[in-house]
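Engineer: Dropping a prediction and its sequence here:
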Amino acid sequence: MQINSPQLTSGWGNNFHSLSSRAAASTVEQIQELVSTSKSVRGLLPIGLHRSYGDSALNSGGTLIDLAAFNGISIDMQSRTAVVGAGVTVAALERAALEKSLFPPVVPGTGFVTMGGAIAADIHGKSHHRTGSFSQCVRRITLMLASGGIVNLTPNDPEFWATVGGLGLTGVVIEIEIELHALQSNSVDVIEHRVKNLSEMIELLNRSDNDYEHTVAWIDLSGDYRGRGVVSLGNYGSTPVKAKESESTGPSLPSLAGKNFITPLTVSAFNEIWYRKPLKDGAVALTKYMHPLDGISHWNRIYGDTGFLQYQFVIDIGKEEIFDRLFRGLRDLKAASFLGVLKKFGNASQAPLSFPRSGWTLTLDYSMAVPGLEQFLRGFDEELVAAGGRVYLIKDSRVSPELIPLMYPQINQWRDIRRTMDPTGLWQSDQARRLHLC
Amino acid sequence: MLNGFKNPGRIALIGAKSEIGLAIVSQLPEDKSREVILVGRSGDYALDVTDRAARERVVEAIFDKGDLDLAIIAVGVLGNNPDKSDTENLVEAMGVNYLGSVHLLALIAERMKIQAHGTILVISSFAQVRPRDDNFAYGSTKAGLDFYARGLSAKLQGSGVKIKILRPGFVKSKMTAGMAIAPFSITTEECAQYGVRAISSKKVVTWAPSILKYVAMVFATMPPAIFRKISQR
């Protein structure tokens, strides 16, 4: 197995540049060899496609284990389950499952997330209010521990829940077994509604969650920051539609000479067009509906060399007044977000570091170059914590470490289990160092 | 670790009483969760810069507790104590400004190489440009430090570790109190602004103020007789 000499790697937000070696493992034995020969104090970290926005999948001075070769998919029609390798992408699993009229019950906004990454972040999708997070459909995780030993974990094991949302810090996910949803067709029946402000949006989402499997709202946080937007509601459909079959994802955004194109002006113009776009009403291909941004690869380049952050938090139902405070602050900063997303979550999983839990989740993208953004978000974090909310670690690049135990009160439980799985601290990441997670 | 805004989470100021060093630290973007380690004669990381074993021990202790994002090496003495002979003053300045600082620089760089990230800001001086009658002893110690720092900076390319050199001219501070104020003098606060800029600069050397870069060029090419005349004024 080849270990590449150190090279700079960054997350999807392009705001960190971390120097680390990379080993592409293609067999379990090769990972075991890495584990047993690793002498570096900087340790190892299993990685996927670096779609985490910040430093979750970075390990400066250490070694990243690329698991892309673990790409096997085997689907059992009888039990409607799939056994998939850690490097399988959501998009690849969807393609394989669709051939058998099945579909993963929980998929994120991009198909370019691996199964290992989906476990590490306990990802969620538009169906969270019904199905919960990714771990709710996982029956088994095959994990390599720091000892090199391999264990099969099920939801009965505390190690299963430490691995779910565990940011890759409990071991290397080798393979998982996942339940699939039976489909009548490859489509979603979608209906979209335009709403004038946040309260209309919240009201419509509250009213619709019982009737729809998939709900999400796009929110315009530019202009007057009142939170106008488009609410999208969908159910698995029965009408087959033509879907793009090829592996390609359409055009790729070229590198724009490192310039940032996201300014209040461009965002307002884009958001205006988006808000006025014709509303969908009818059957849409599942994959297109689930992954709208996958149409353009490297869309993150639009933010240029300084990069961007994605700020995602969850707040309890009944604490909606915090949105007013946030919107006012962002308006004062003239910080315009392109494609904000609001979603109502259902119940939490039992994983100590899993992000989703009952409440509202809001997701915003900002260029790192917005003046005053760092101080503003730091102040807002404190209000968020005071109101019982928390941020999503897989997207984080700037939260203060002392807020982590307040946001994730079960973190000590996670640390205790993790220590039994990795007593010498083999698994390390830049984020774990920055936030003192382990 | 740096955060996504490239602001340091853990920094060490070697020279806890350095006015320039403290001013640089206070001018970094505010972050109350940042850990600032003050290394000096007292405190958590007590250090006598002239004690070799102590230097090794303190650097070990700092890095054993976690990654260091920024180190500022701001220890220095002018070596102009009137109660001591020129030679005694020279030996003291060499011990602190050269031997102590260069050794600390090498030790910190060695540990930062393992973590594959980090920046070291070295406070050099305009005095190292060309020997002047009144401060060539001090200038020689800073010249040695500056020379080593430039060499190390080049050698560390591709390691993730960055060395930045700040070359202040005359800074009105406690260290220079009572001395005749030289042209292009700046306050400690102004000097610190250049220091903060130096940390994220793409260039290795930052002059404070910037015009000193050109003054240095003129000085370097001046015939000795003329230079001596000018510098003695």
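Structural biologist: Noted; the coordinates are in hand. Numbers count the residues shown, from 1 in each chain, chains lettered A, B, ... in the order given.
Engineer: contacts, neighbours, all on C-alpha from now
Structural biologist: Fine.
Engineer: Residue B:90 and residue B:188: what is the separation?
Structural biologist: Going from residue B:90 to residue B:188 by C-alpha to C-alpha, to the nearest Å gives 25 Å.
Engineer: following the longest helix along chain B, which helix or strand comes up?
Structural biologist: Using DSSP state H, we find that the single longest helix of chain B is helix B:136-155. Tracing the chain past helix B:136-155, the next element assigned as helix or strand by DSSP states H and E is strand B:161-168.
Engineer: what's that following strand packed up against?
Structural biologist: The contact analysis (3 or more C-alpha pairs under 8 Å, 6 or more residues apart in numbering or on different chains; DSSP states H and E) places strand B:161-168 against helix B:101-115, strand B:118-123, helix B:136-155, helix B:188-200, strand B:205-208.
Engineer: Go through the third one and flag the buried ones.
Structural biologist: The neighbour-count criterion (16 or more other C-alpha atoms under 10 Å in any protein chain shown) identifies B:136-146, B:149-150, B:152-153 as the buried residues of helix B:136-155.
Engineer: so residue A:303 makes contact with residue A:365?
Structural biologist: No. If you go by C-alpha atoms under 8 Å, residue A:303 and residue A:365 don't touch, sitting 9.9 Å apart.
Engineer: which of those two has more neighbours?
Structural biologist: In this view residue A:303 and residue A:365 are compared by other C-alpha atoms under 10 Å in any protein chain shown, and residue A:303 has more residues nearby, 25 against 20.
Engineer: Contact partners for the more buried one?
Structural biologist: Under the criterion of C-alpha atoms under 8 Å, 6 or more residues apart in numbering or on different chains, the neighbours of residue A:303 are A:258-262, A:367.
Engineer: phi, psi of it?
Structural biologist: phi -90, psi 0 (degrees, to the nearest 10).
Engineer: Quick check: it vs residue A:123, distance?
Structural biologist: Distance of residue A:303 to residue A:123, computed by C-alpha to C-alpha: 24 Å.
Engineer: Residue A:155 too?
Structural biologist: Shown here: residue A:155 relative to residue A:123, a distance of 16 Å by C-alpha to C-alpha.
Engineer: Please spell out the segments of chain B that come in under the pLDDT threshold.
Structural biologist: Scanning chain B with the threshold set as pLDDT under 70 gives B:233.
Engineer: Who are the contact partners of the most centrally placed residue in it?
Structural biologist: For chain B, the residue sitting closest to the mean C-alpha position, by C-alpha atoms, centre = their mean, is residue B:123 at 1.6 Å. With contact set as C-alpha under 8 Å, 6+ apart, residue B:123 has these partners: B:72-74, B:165-168.
Engineer: Of those residues, which is the nearest to chain A?
Structural biologist: Using C-alpha to the nearest C-alpha, the shortest approach to chain A within the contacts of residue B:123 belongs to residue B:72, at 20.2 Å.
Engineer: Could you spell out the sheet neighbours of the helix or strand encompassing the closest one, each with its direction?
Structural biologist: For residue B:72, the enclosing helix or strand under DSSP H and E is strand B:70-73. In its sheet, strand B:70-73 lies beside strand B:10-14 (parallel), strand B:118-123 (parallel), with partners assigned from DSSP bridges.
Engineer: winner for burial among these?
Structural biologist: The highest mean neighbour count among those, using mean count of other C-alpha atoms under 10 Å in any protein chain shown, belongs to strand B:118-123: a mean of 24.
Engineer: Can I get stretch B:206-222 in CSV, CA atoms only?
Structural biologist: Taking C-alpha atoms only, stretch B:206-222 is exported to CSV below (Å, rounded to 0.1, in the frame of the first residue of the first chain):
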residue,chain,number,x,y,z
THR,B,206,8.2,42.6,7.8
TRP,B,207,9.7,46.0,8.6
ALA,B,208,8.2,48.3,11.1
PRO,B,209,7.5,50.8,9.8
SER,B,210,7.6,49.6,6.1
ILE,B,211,9.8,52.4,4.9
LEU,B,212,12.7,50.9,6.8
LYS,B,213,13.0,48.4,4.0
TYR,B,214,14.2,51.2,1.8
VAL,B,215,16.3,52.9,4.5
ALA,B,216,18.1,49.6,4.9
MET,B,217,18.8,49.4,1.2
VAL,B,218,20.3,52.9,1.3
PHE,B,219,22.3,52.1,4.4
ALA,B,220,23.6,48.9,2.9
THR,B,221,25.0,50.5,-0.2
MET,B,222,26.4,53.7,1.4
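Engineer: Show residues contacting it.
Structural biologist: Counting by C-alpha under 8 Å, 6+ apart, B:126, B:129-130, B:164-169, B:184, B:186, B:191, B:194-195, B:198, B:227 sit against stretch B:206-222.
Engineer: and residue A:327, that's in a helix?
Structural biologist: Yes. Residue A:327 sits within a helix when classified using DSSP: H, G, I helix; E, B strand; the rest coil.
Engineer: give the contact list for it.
Structural biologist: For residue A:327, the residues meeting the contact criterion (C-alpha under 8 Å, 6+ apart) are A:221, A:225-226.
Engineer: same thing but at 6 Å, please
Structural biologist: In this structure, residue A:327 makes contact with residue A:225, judged by C-alpha atoms under 6 Å, 6 or more residues apart in numbering or on different chains.
Engineer: what about residue A:3, distance to chain B?
Structural biologist: 17 Å (C-alpha to the nearest C-alpha, to the nearest Å).
Engineer: Isn't that residue up against residue A:23?
Structural biologist: Yes. A contact is recorded between residue A:3 and residue A:23 when judged using C-alpha atoms under 6 Å, the distance being 4.4 Å.
Engineer: Looking at those two, which is more packed in?
Structural biologist: residue A:23 (21 against 14).
Engineer: quick one: contacts for the more buried one?
Structural biologist: If a contact means C-alpha under 6 Å, 6+ apart, then residue A:23 has A:3, A:65-66 as its contacts.
Engineer: let's go with 7 Å and repeat that
Structural biologist: A:2-4, A:63-66 (C-alpha atoms under 7 Å, 6 or more residues apart in numbering or on different chains).
Engineer: Check for me that it belongs to a strand.
Structural biologist: Yes. Residue A:23: assigned to a strand according to three-state DSSP.
Engineer: and the gap between it and residue A:45?
Structural biologist: Distance from residue A:23 to residue A:45, counting by C-alpha to C-alpha: 10 Å.
Engineer: what is in contact with the two at once?
Structural biologist: A:63-65.
Engineer: who does residue A:219 bridge with?
Structural biologist: On the basis of DSSP bridges, residue A:219 is bridged to residue A:229, residue A:340.
Engineer: That one is in contact with residue A:340, isn't it?
Structural biologist: Yes. When contacts are counted by C-alpha atoms under 7 Å, residue A:219 is listed as touching residue A:340 (5.0 Å).
Engineer: ok, and the closest non-adjacent residue to residue 17?
Structural biologist: Because you didn't say which chain, this covers chain A. Counting by C-alpha to C-alpha, 6 or more residues apart in numbering or on different chains, the nearest residue to residue A:17 once its immediate chain neighbours are dropped is residue A:10, at 4.9 Å.
Engineer: To clarify, I was referring to chain B.
Structural biologist: If you skip the residues right next to it in sequence, residue B:17 has residue B:40 as its closest partner in space, 7.1 Å away by C-alpha to C-alpha, 6+ apart.
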